[in-house]
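J.: Structural data only, the sequence is not supplied:
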């Protein structure tokens with residue numbers, strides 16, 4: 001639908017916005033190792049490749065999940081836009097504490113308001129919802145494989161972030177963990 005351009009255009013617009021405010025981030029005090037970063041960047045990159053590249057995948061990956069429809073396509077687009085919007089809101093609340101990799105910033109703050117009152121990792125939640133919306137619109141097996149890869153990538157990254165936040169904020173972060181779910185409100 002729309003020659004498959006709307007989904008990549010939405011992600012591209014999000015990506016351009018995403019990195020623009022990063023210039024005002026606080027200085028880094030501690031950064032994850034390259035090996036640690038690769039553990040979550042590789043599956044996330046594979047997921048992106050599954051969505052980004054058309055016509056190169058074996059037939060079973062491009063098999064439709066359900067009969068394609070315009071309603072399904074637009075429902076997926078709406079879910080994609082909602083997810084990306086949620087991740088942008090979370091990014092704005094995080095402000096200068098944000099980094100694309102797992103880091104500890106100078107004067108790092110524990111943010112518990114806005115989207116961070118709903119889930120501890122709302123950027124990942126929003127991105128995951130965006131990938132789910134993309135998969136619904138795409139309506140192919142590769143969308144489900146991509147979602148599984150995204151979940152693996154985010155769980156690996158969350159595990160390290162949780163450990164570091166507990167080291168930095170101690171009991172305050174332990175209370176936050178007890179009060180607010182990590183990725184999916186009321187569930188995970």
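T.: Happy to help now that I have it. Keep in mind it's a predicted model, so treat the numbers as computed, not measured.
J.: For the rest of this, base every contact and every neighbour count on C-alpha atoms.
T.: Fine.
J.: helices or strands up against the longest helix along the chain?
T.: Longest helix of the chain, by residue count under DSSP state H: helix 141-169. Judged by 3 or more Cα pairs under 8 Å, 6 or more residues apart in numbering; DSSP states H and E, the packing partners of helix 141-169 are helix 34-52, helix 122-138, helix 171-179.
J.: one more time with 10 Å
T.: Packing partners of helix 141-169 (3 or more Cα pairs under 10 Å, 6 or more residues apart in numbering; DSSP states H and E): helix 34-52, strand 103-105, helix 122-138, helix 171-179.
J.: To residue 14, which of these lies closest?
T.: helix 122-138 (10.2 Å; Cα to Cα).
J.: So for that closest one, mean pLDDT?
T.: Averaged across helix 122-138, the pLDDT comes to 96.
J.: With stretch 41-54 instead?
T.: On average, stretch 41-54 scores 90.
J.: Show me which parts of that stretch are buried, residue by residue.
T.: 41, 43, 44, 47, 48, 50, 51 (16 or more other Cα atoms under 10 Å).
J.: contacting residues around the first one?
T.: Under the criterion of Cα atoms under 10 Å, 6 or more residues apart in numbering, the neighbours of residue 41 are 34, 35, 47, 101, 150, 153, 154, 156, 157.
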